[in-house]
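Visitor: Fold the following for me, if possible:
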Amino acid sequence: MWTGGPSITGMGARDLVYRVYERQLERELADGPMPRHVGVIIDGNRRYAAERGLGTPSHGHEAGARHIDPFLDWCLELQIPYVTLWLLSTDNLTRDDAEVTALMQIIEATIERMGCTKDAADRGLRVTAVGALDLLPESTRQALKRAEEATVGHDRLRVQVAVGYGGRQEITDALRSLLLDRAAQGASLEEVASELTPADIGHHLYTTGLPDPDLIIRTSGEVRLSGFMMWQSAHSEYYFCDAYWPEFRKIDFLRALRDFQRRTRRFGR
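Guide: Numbering: from 1, shown residues only. So this is what the prediction gives:
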């Protein structure tokens, strides 16, 4: 009779297999290159709620919000220094008012938890926000501001939250900002047009100061970008996962990283 610990039946054969496979993946990744910046298109919360009869989309958004903490822990464990999480697109703002209001409340609570708690300080998360923030409710903007201010001195993991974000809007705003800056310096439109470089536009993007994402992951089985970091992702690697975001497991993340390591990055060369 086995007496050295819980039986396989007690701990769950599936859990045991999962842990063994997880350790195997971690060993495979140990000596390979890791992405410095991972972007995540968080998708599938609403379908997760609908397929499980949870009542309203908000229940799916709540499940997705709870899943952000373990994901950030995985990034900390793997020493990935930059993460961008797409929490809300500009298109999402056109959904039913009740859903948008509930989603904003969930995002605000998530941001507060991520940036304004002792646990956030202990983890060393630095939170910054990107997006058309002027489109957001004042309460959401204030939550983002508090998180940014509370974490400004943290340096273990930079978490960039994209809220009210759209890739076309970002490029439009970047060009507008560039033109206004150059006009304030006395440059004519013809001068700006003749001297314009990609770097000039890049300096006016929401994400100025962060490296471009090396790996972008989208959950839920959708195989499209939906405008996420259109400018910055020119040389990114993509990984599409069938799991809805609330069900995205550590082994799914490790598989994405393994896939990243197996690719040859040429950066257009």
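
Visitor: from here on, contacts and neighbour counts on C-alpha atoms
Guide: OK.

Visitor: Quick check: Ser89 touching Gly164?
Guide: Yes: using Cα atoms under 8 Å, Ser89 is in contact with Gly164, at 4.8 Å.

Visitor: any chance you could map the helices in the chain?
Guide: Taking DSSP state H, the helices of the chain run over residues 8-11, 13-29, 45-51, 57-66, 68-77, 97-115, 118-123, 138-150, 167-184, 189-195, 198-202, 250-262.

Visitor: right, so those: which one is the most enclosed?
Guide: Among the helices of the chain, ranked by average contacts under mean count of other Cα atoms under 10 Å, first place goes to helix 57-66 (a mean of 21).

Visitor: which helices and strands does that helix pack with?
Guide: Packing partners of helix 57-66 (3 or more Cα pairs under 8 Å, 6 or more residues apart in numbering; DSSP states H and E): helix 45-51, helix 97-115.

Visitor: Tell me the gap between the first one and the middle of its chain.
Guide: Same thing as helix 45-51. Relative to its parent chain, helix 45-51 has a centroid offset of 19 Å by Cα atoms, centre = their mean, to the nearest Å.

Visitor: got it, and the last one?
Guide: With Cα atoms, centre = their mean as the basis, helix 97-115 stands 15 Å off its chain's centre.

Visitor: Let me know how buried the residue nearest to Glu222 when sequence neighbours are not counted is, in neighbour terms.
Guide: Using Cα to Cα, 6 or more residues apart in numbering and skipping residues adjacent in sequence, the residue nearest Glu222 is Phe240, 7.1 Å away. Residues lying near Phe240 (other Cα atoms under 10 Å) number 17.

Visitor: Show the pLDDT at Phe240.
Guide: pLDDT recorded at Phe240 is 98.

Visitor: Likewise for Ser7?
Guide: 44.

Visitor: again with Pro213
Guide: Looking at Pro213, the pLDDT reads 97.

Visitor: correct me, but it touches His37?
Guide: Yes: using Cα under 8 Å, Pro213 makes contact with His37 at a distance of 4.7 Å.

Visitor: With neighbour numbers in mind, choose between those two.
Guide: Neighbours per residue (other Cα under 10 Å) separate Pro213 from His37, with Pro213 holding more: 23 against 20.

Visitor: Pull stretch 114-134 out as PDB, backbone CA atoms only.
Guide: In PDB, the C-alpha atoms belonging to stretch 114-134 read as follows (Å, rounded to 0.1, in the frame of the first residue of the first chain):
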ATOM      1  CA  MET A 114      -2.700  45.700 -10.100                       C
ATOM      2  CA  GLY A 115      -1.200  49.000  -9.000                       C
ATOM      3  CA  CYS A 116      -2.500  50.200  -5.700                       C
ATOM      4  CA  THR A 117      -2.200  47.300  -3.300                       C
ATOM      5  CA  LYS A 118       0.700  46.000  -1.100                       C
ATOM      6  CA  ASP A 119       0.700  42.900  -3.300                       C
ATOM      7  CA  ALA A 120       1.400  45.100  -6.300                       C
ATOM      8  CA  ALA A 121       4.300  46.800  -4.500                       C
ATOM      9  CA  ASP A 122       5.700  43.500  -3.500                       C
ATOM     10  CA  ARG A 123       5.600  42.100  -7.000                       C
ATOM     11  CA  GLY A 124       7.300  45.200  -8.400                       C
ATOM     12  CA  LEU A 125       4.700  45.900 -11.200                       C
ATOM     13  CA  ARG A 126       4.900  49.200 -12.900                       C
ATOM     14  CA  VAL A 127       1.600  50.100 -14.600                       C
ATOM     15  CA  THR A 128       1.200  52.500 -17.500                       C
ATOM     16  CA  ALA A 129      -1.900  53.100 -19.600                       C
ATOM     17  CA  VAL A 130      -2.200  53.600 -23.400                       C
ATOM     18  CA  GLY A 131      -5.200  54.400 -25.500                       C
ATOM     19  CA  ALA A 132      -7.500  57.200 -26.300                       C
ATOM     20  CA  LEU A 133      -8.000  57.900 -22.600                       C
ATOM     21  CA  ASP A 134     -10.100  61.000 -23.200                       C
END
